[in-house]
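> sequence first, then the predicted structure:
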Amino acid sequence: MNLFENLGLSRELFEVIERLGFTKPTQIQERSIPHIMKGRDVIGESETGSGKTLAFGSGIVDKVVPGKGVQALVLSPTRELAEQVKESIKQLSHGKHLRIMSVYGGVSINPQIHDLTNAEVVVATPGRLLDHLNRRTIDLSRVKILVLDEADRMLDMGFIDDVEKIIRVCPKQRQTMFFSATISYEIKRLADRYLNNPIEVLTNKYVDPSKLKQVYYDVSKNMKISVLVHLLREEDTDLVLVFCNTRRTTDFVVKNLRTNKVNAIAIHGGLSQNKRTSTLKSFNDAKAEVLVCTDVAARGLHIENVSHVYNYEIPKDSKDYVHRIGRTARAGESGKVINILCDLDHDNFGRIQRDYRNFEIENLDTPRVEQATTVRVESRGRSNNRGRPNTWRRSAPRRDGRPRGSGPRRDNEGPRRHDNQRRSDAPRRHDGQRRTDSPKRHDSSRRTDDGPKRDDGSKRSDSPKRNDSGPRKFHGPKRRYDNRRKGPRGNFRR
Ligand code: AMP
C-alpha cells in the first residue's frame, strides 16, 4: 500500500510520486503535506534529505497554473540547493508543463532575464533575485506561494535584510512556508511578522544517534594531515566528507590528500559555479571518495551514503557541528564522526561539549603514524584586492557566507618554521616591496603611522606626535571604519 494516499494529494501528484518510487512519506511529508495542500502557512523543522522539497513542491505543483506568470517563489541559501530544488520540482510536475527555473549569482544574468519572461516557478538565491527586482526583470505581483528553504542558514549567511525586502515585494495574499533545520528565535520572529497563523511541524531528527559514533583525536598541529591520511587509509569507508573552516584550509587539505594518493576533491565558495557543479557530480557518481568542504559549500547539498564525517577543524559555531554530523547516519545507516583536534581547536571543541552535553564524543589514542608528505598552497593573498587596504573589504559580505568578525581566515597549516626567519612569501606592501626588503630597524620601536597595532594594545595616540611634514601616508578609508564602530550613521552626524 502506498502511504501517500491519505495526505490529500491530487490524483496526478500521487501518481507522479508513485512513479518516482516513493511509497512511504517521511515524517515531514506526513505531517506537513495535508496542511500544505489546504493552503495553510507552515513552519517545518527539517534538514536536507528529510524530504521537505517533495512536501512544499507538492503544494506548488498543485496550485500553479501554466501561463499565468511567476506564481511560486522558493528562496534558497545556495546555488547548489537552488538547482536541486528546481530539479525536484520539475520531476514532481511531470505532465503539467510548468516552467520552473533557478536564479542565482555567479553566472550570466541575461539568459535568466530571458527565461524569467515566461517562468511560473522560480527558485532563487536572495542576492541575484534582488538584482532582478532592481532591474525590474522579474514580476512578483502574482506570487501565491512563497517558500524559505533552509531558512536558518539564510539568516546565518546574513541574508535577513534581502529576504525581508523580497517578502515585502510579494503580495500579502499568499501561502508562506518556512523550512529550517532548527527553528530558532530569529526564525520565529520572522514567522510572526510574515506568516499567517502557521502550522508548526516539528520532526524527530533524521539522524539516528544510536547509529552515530563520534570520536576525537588530540594531535599536534603539524600531524593533522598525517593522522587524516592514516585514518582515511585505515577506516573502511563509503563516501567521506572532510570539513574545514576556511577555503584556504580546504585547498591545503585537498592538495595534501592528493599528494598522499587519496582520491579527494574540494568544494568551497571560491570556486566557479561550473567547477562546483562538476565537483559535486564527481562525488555523487563516486568518482572521488573524499569531499573536502567548507560549511557553506556543503550546506544543502544532497549527498547520500556518507559513512564518515571528519572535522579537520572544529567550527566556531557549535550549530555548524550539528549540521556537519547530520550528514551521516541517515536513513537507518550507521555513520562515524572523527574530530582531529589540535590546540587551536580546543576552544571551539569545548563550546560544542558545553552546548551539547548529551553528545558522547570518545577520546581515542592517537595512532602511530608516519609523517605524511606535506605541500603548501599558494597564498590567495590580496591578489584580487588590487592593493586596497583591508578595511575596504570589511563592508562586503564574506564569500563563504560566514559573518564578519567570526574569526580570521587563517592558514592553519603548513610546515612549521624553526628558524625564526621571516616568511619569504609574506604579503607584498602596497608599494610593491616585500617587507624583508626594507632596512632593519634597530631601535625596536614600531612604526606608528602604518604599522599594525602594538602588542600591548595601546593606541596610536599614545605615541609621540609626529611634527614632521613630509608626504602624508594613506591610512585607508578611516572614516568608514569609525562610522562602523559608532553605529550605522556615526556620531558626528547627529
Ligand atoms: P530534501 O532535500 O529534504 O528535499 O530531500 C530530498 C531527498 O529525499 C531526495 O533524494 C529524495 O529522493 C528523497 N526523498 C524524498 N521523499 C522521500 C520518501 N518519501 N522516501 C524516500 N526518499 C525520499
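Happy to help now that I have it. Residues are numbered from 1 along each chain as shown.
> any stretches of the protein with poor pLDDT?
204-209, 297, 299-302, 330-332, 379-494 (pLDDT under 70).
> got the domain ranges for it?
3-202, 212-363 (automatic domain parsing).
> looking at those domains, which is closest to the ligand?
Smallest distance to the ligand across these (C-beta to the nearest ligand atom): 3.1 Å, for domain 3-202. Using the backbone N, CA and C atoms, a C-beta is placed for each residue, glycine as well.
> of all residues in the protein, which one is nearest the centre?
Geometric centre of the chain, nearest residue: Val296, 1.4 Å, by C-alpha atoms, centre = their mean.
> and the helix or strand containing it, what does it pack against?
Element membership of Val296, judged by DSSP states H and E, is helix 295-298. Packing partners of helix 295-298 (3 or more C-beta pairs under 8 Å, 6 or more residues apart in numbering; DSSP states H and E): strand 239-243, helix 318-325.
> closest one to Lys211 among the ones you listed?
Lys211 sits nearest to helix 318-325 of all these, at 11.5 Å, using C-beta to C-beta.
> dump the closest one to PDB, restricted to CA.
What follows is helix 318-325, C-alpha atoms only, in PDB (Å, rounded to 0.1, in the frame of the first residue of the first chain):
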ATOM      1  CA  SER A 318      28.500  24.700  17.600                       C
ATOM      2  CA  LYS A 319      25.400  24.600  15.400                       C
ATOM      3  CA  ASP A 320      27.700  24.100  12.400                       C
ATOM      4  CA  TYR A 321      29.000  21.000  14.200                       C
ATOM      5  CA  VAL A 322      25.500  19.600  14.400                       C
ATOM      6  CA  HIS A 323      24.900  20.300  10.700                       C
ATOM      7  CA  ARG A 324      28.100  18.600   9.900                       C
ATOM      8  CA  ILE A 325      27.500  15.400  11.800                       C
END
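> distance from the chain centre to it, please.
Distance of helix 318-325 from the chain centroid (C-alpha atoms, centre = their mean, to the nearest Å) equals 12 Å.
> what residues does the one helix or strand Val215 maps to touch?
Assigned by DSSP H and E, Val215 falls within strand 212-218. Strand 212-218 is contacted from outside by 227, 325, 328-329, 334-342, 349, 359-367, using C-beta atoms under 8 Å, 6 or more residues apart in numbering.
> and the helices and strands packed on helix 295-298, which is most packed in?
Across the helices and strands packed on helix 295-298, the average number of neighbours (mean count of other C-beta atoms under 10 Å) peaks for strand 239-243, which reaches a mean of 24.
> hmm, who's touching that one?
Here strand 239-243 has contacts from 228, 232, 253, 257, 264, 283, 286, 289-295, 298, 303-313, 315, 324, 327-328, using C-beta under 8 Å, 6+ apart.
> stretch 100-108 too?
For stretch 100-108, the surrounding residues in contact (C-beta under 8 Å, 6+ apart) are 76, 78-79, 82-83, 85-86, 89-90, 93, 112, 115-116, 119-125, 127-129, 131-132, 138, 272-273.
> taking these one by one, which sit in helices?
Among those, the members falling in helices (DSSP state H) are 79, 82-83, 85-86, 89-90, 112, 115-116, 127-129, 131-132, 273.
> check these for burial and list the buried ones.
79, 82-83, 85-86, 89-90, 112, 116, 128-129, 131-132 (16 or more other C-beta atoms under 10 Å).
> picking up where we left off before, same for the ligand: which of the contacts of strand 212-218 are within range?
Filtering the contacts of strand 212-218 for proximity to the ligand by C-beta under 6 Å from any ligand atom leaves nothing.
> which of the residues you listed count as buried?
227, 325, 328-329, 335-342, 349, 359, 361.
> which residues touch Ala181?
Counting by C-beta under 8 Å, 6+ apart, Ala181 makes contact with 45-48, 150, 152-153, 323, 326.
> of those, which are in range of the ligand?
Contacts with the ligand are made by Thr48 out of these, judged by C-beta under 6 Å from any ligand atom.
> which ones among the contacts of Ala181 are found in helices?
Short answer: those in helices (DSSP H) are 152-153, 323.
> closest one of those residues to Thr182?
Of all the ones in helices among the contacts of Ala181, Asp152 has the smallest distance to Thr182: 5.3 Å, by C-beta to C-beta.
> tell me the bridge partners for the nearest residue to that closest one once chain neighbours are set aside.
Using C-beta to C-beta, 6 or more residues apart in numbering and skipping the chain neighbours, the partner closest in space to Asp152 is Ser180 (4.4 Å). Assessed by DSSP bridges, Ser180 has beta-bridge partners Glu45.
> residue numbering should commence at 385 henceforth.
Got it, first residue is 385 now, which makes that one Ser564.
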